[in-house]
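K.L.:
Show me how the following folds:
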Amino acid sequence: MRTATAPAAGLALAALLASAGTAADDVTLKWKLKDGTTFYAKTVGDMDMQMSVGGMDLTMPMKVTQVQRFKVLSAGDGKLTVEMTLQDMQMEVGGPLAAAAGGLGSIGEKVKGATITVTLDKNMEVGKIEGYEKFLDKLAAGDDNTRTMMKGMFSEAAVGQMVTQVFAFTPDKPVKPGDTWTRTDKVPTGGFGEGTVKQKYALKGVSGGVATIDLTGDVKFKAGDGGIPGLPPGVKVSKFDMKADKFTGTLQFDTDAGRLKEAKQNMSMAGSMAISVMGQDLEITMKMKSTQTTTVTDKNPVKD
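P.N.:
This next block holds a predicted model:
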């Protein structure tokens, strides 16, 4: 009797230990936020665009640096309300089109202090945006033409995306290395239309309190109505056919602090578009490679 019981007890103990070991491997990748929490996100994007227009080849490298301050106004009841304030935005454009795009370099002074409030649901989807018109007023500084252009660049959907890209990537349950989860987002493309981004995340591992997450994705674009704010009357985009052939990235999540530490993305895309000028179409083929790095810190990178 004792001989039969000992192996059974051993098996039961082994099963219990195995179960405990599996549970210990699970990681909860969840934001730990409370009312009044403040942090900063600095995003640096480098883009290299190659275009062919009327048999002429052009290159346009661009670098965009953006700093946002996030302040948690309310966290609880399955909702998160945050105030986002733009601290700075700088655009550097090179190549033969640099002179034409020179005015973009001063956008940093316009965006400083522009604030908007966004409420996210439990899935980190945008539920409500408050203060949008005042946000545009700040960017426009009283100029109607600038306001129209800024509305095209910073549509409500684009502003919401500026918030969700920082928060919306964590799984809805604990995961262990090797586990995957997915998310699909609609991304505005500056008036050209809309992009659908299907993302697949995989927990690679956890070391020193930092979880490393691999990202792969698929991006598809749908053309808009051709009206781009800022284009002269009679000029519109009559065709927009772009496809991303690479979309990858890596994220680091601080499991102790309960927040994103760093996110890196790489994307390459190619295709064509046509600009209609008084009924005449100008065909443009494009190739673009871009990298984007977002770093989250307690200190304001603009001042500290």
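K.L.:
give me every residue that touches residue 288.
P.N.:
Neighbouring residues of residue 288 by CB atoms under 8 Å, 6 or more residues apart in numbering: 47, 48, 49, 50, 268, 269, 270. For glycine as for every other residue, the C-beta is placed from the backbone atoms N, C-alpha and C.
K.L.:
Among these, name the ones in strands.
P.N.:
Mapping those onto strands (DSSP state E) picks out 47, 48, 49, 50, 268, 269, 270.
K.L.:
Show me which of those residues are buried.
P.N.:
In terms of neighbour count (16 or more other CB atoms under 10 Å), the buried residues within these are 47, 48, 49, 50, 269.
K.L.:
Take the residues you listed and write them to a markdown table, including distance to residue 218.
P.N.:
Written out in a markdown table, the entries for these read as follows (distance: CB to CB, whole Å):
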| residue | distance to residue 218 |
| --- | --- |
| 47 | 20 |
| 48 | 22 |
| 49 | 21 |
| 50 | 23 |
| 269 | 12 |
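K.L.:
Identify, from those residues, the entry nearest to residue 119.
P.N.:
When these are compared for distance to residue 119, the smallest value, 31.0 Å, is given by residue 47; criterion: CB to CB.
K.L.:
State whether residue 137 is indeed within a helix.
P.N.:
Yes. For residue 137, which was evaluated using DSSP: H, G, I helix; E, B strand; the rest coil, the result is membership in a helix.
K.L.:
Just the closest of the contacts of residue 288 to residue 260, please.
P.N.:
residue 47 (22.2 Å).
K.L.:
got a list of what that closest one touches?
P.N.:
Remark: with contacts taken as CB under 8 Å, 6+ apart, residue 47 is in contact with 61, 62, 63, 64, 288, 289, 290.
K.L.:
what about the residue nearest the centre of the chain, distance to residue 58?
P.N.:
Among the residues of the chain, residue 165 comes closest to the average C-alpha position under CA atoms, centre = their mean, at 3.3 Å. Distance check for residue 165 against residue 58: by CB to CB, to the nearest Å, it reads 29 Å.
K.L.:
And the pLDDT at residue 159?
P.N.:
Residue 159 carries a pLDDT value of 86.
K.L.:
all helices for the stretch 151-300 of the chain, in order.
P.N.:
Using DSSP state H, counting those that start in this stretch, the helices of the stretch 151-300 of the chain run over residues 156-167.
K.L.:
That concludes my questions; thank you for your assistance.
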